[in-house]
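give me coordinates for this.
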Amino acid sequence: MLILGSVPFTADPVRAEEHVVMILQSAYFPGRLEVEPGDTVRFVNASGRVHTVSSSEGIWTTGPIPIDAEVTLDFEAAMAGRFHGWAQGLIEGRLDILRSPPNP
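Below is the predicted model of the structure:
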């Protein structure tokens, strides 16, 4: 006879979030996001022209996003920093890593 005991298993649920960045004619909205590794960032092109978003450090790019289309990226810590693209001129945004509040 085999008796299996119960082993309590507790784990924090994964709380990945999706963040949306609208690509407008002259800006990103919002221009700055706080994200955590594992979150997704969805770039939605509402600029009226094909748009490519790239990290200013050259680490990542969305590739060309057609008008009214979107691209979703899985955020990793190395992706933090400034990003940019060309609309009616250079527009810039920023992805920052969310800092947890200090424990009391």
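
name the residues that touch the longest strand along the chain?
The longest strand of the chain (DSSP state E) is strand 90-97. Contact partners of strand 90-97, identified using Cβ atoms under 8 Å, 6 or more residues apart in numbering, comprise 21, 26-28, 30-37, 41, 53, 56, 75, 77, 79-85. For every residue, glycine as well, the C-beta is placed using N, CA and C.

emit the PyMOL select command for whichever of those are buried.
With 16 or more other Cβ atoms under 10 Å as the criterion, this PyMOL line picks the buried residues out of the contacts of strand 90-97:
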select buried, resi 21+28+33+35+41+53+75+79+80+83+85
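
and the residue most central in space within the chain, which helix or strand is it part of?
Centroid-nearest residue in the chain, with Cα atoms, centre = their mean: V41, separated by 2.6 Å. Assigned by DSSP states H and E, V41 belongs to strand 40-45.

C-terminal to that strand, what's the next element?
That would be, after strand 40-45 and using DSSP H and E, strand 51-55.

what's that next one packed up against?
strand 18-23, strand 61-65, strand 81-86 (3 or more Cβ pairs under 8 Å, 6 or more residues apart in numbering; DSSP states H and E).

what pairs with it, parallel or antiparallel?
strand 61-65 (antiparallel), strand 81-86 (antiparallel) (DSSP bridges).

report the angle between it and strand 18-23.
120 degrees (axes from the mean of the first three to the mean of the last three Cα atoms, to 10 degrees).

ok, now which ones touch L24?
L24 neighbours (Cβ under 8 Å, 6+ apart): 46-47, 87.

re the thing from before, other SSEs contacting the strand holding V41?
Going by 3+ Cβ pairs under 8 Å, 6+ apart, strand 40-45 lies up against strand 18-23, strand 61-65, strand 70-74.

so where is the protein shaky, pLDDT-wise?
Applying pLDDT under 70 to the chain flags the ranges 1-14, 100-104.
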